[in-house]
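Asks: would you be able to build a 3D model of this:
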Amino acid sequence: MRLTPEREAAYALGYGVSRTDLKPEVQAHYDRLLAERAAHRSRRADLTPDTPPHPFDVAGKWLAIRYRLTNRDRDLVKTATASGTAVSDPHLKEAVCGLASEILDKRLRVPAIMFDYVIGSLGSIPLLTFALISAQSGGHHLILPILSAVAVAPHLITFLVARPRRRLKLVAKAMRVNSSTGLNGPP
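Replies: Below you'll find the model as predicted:
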């Protein structure tokens, strides 16, 4: 069974046969198929993210799968969602609203911001210091557990009660600001 020139060109492309090993009429089909594949690849590259998100970046992974954003756009959407700000690109506005609704429906967590990590680590230093000192002293000093409790209380209140409420308000604001009507987000 003989192959048509187009099928022979497709076979050559699929199995890595060199163009110079083909007949001239097959080379024309080979060049056309090669150009089609390159165009398809470039279109697909425009739609797919440039690098996959970090495995622990659940929001980034969701954005990469759902909206096919680049790293820069994913970071922009996560920052706009977490800080309650508007974006100008309509596709990114849609992504911000989608991410905000997922967060407000409790299917995704609010993306972390570096500032939160800095404050959390600075607040943890006195806590760890007092806990280490009281553990080493063998419980002989009553003041150290009290100082530990004083250091822990504001930290716990801030990170377990106030911060999540404030961040959810910012996410709701991001949804309102970026929605098409500006009014259909949660209050």
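
Asks: contacts and neighbour counts: CA atoms only from here.
Replies: Fine.

Asks: got a pLDDT number for R41?
Replies: R41 is assigned a predicted lDDT (pLDDT) of 65.

Asks: and D31, by the same measure?
Replies: If you check D31, the pLDDT there is 90.

Asks: show me where the chain has strands.
Replies: Taking DSSP state E, the chain contains no strands at all.

Asks: could you chop it up by domain?
Replies: According to automatic domain parsing, the chain comprises the domains 5-47, 114-172.

Asks: comparing the ones you listed by mean pLDDT, which bottoms out?
Replies: domain 114-172 (a mean of 68).

Asks: quick one: Y30 and A9 touch, right?
Replies: Yes. Contact criterion CA atoms under 8 Å: Y30 and A9 qualify, at 4.6 Å.

Asks: shared neighbours of the two, anything?
Replies: Residues within reach of Y30 and of A9 at once, by CA atoms under 8 Å, 6 or more residues apart in numbering: there are none.

Asks: need the nearest residue in space to P5, chain neighbours excluded.
Replies: In space, P5 comes closest to V26 once its chain neighbours are excluded; the distance is 4.8 Å by CA to CA, 6 or more residues apart in numbering.
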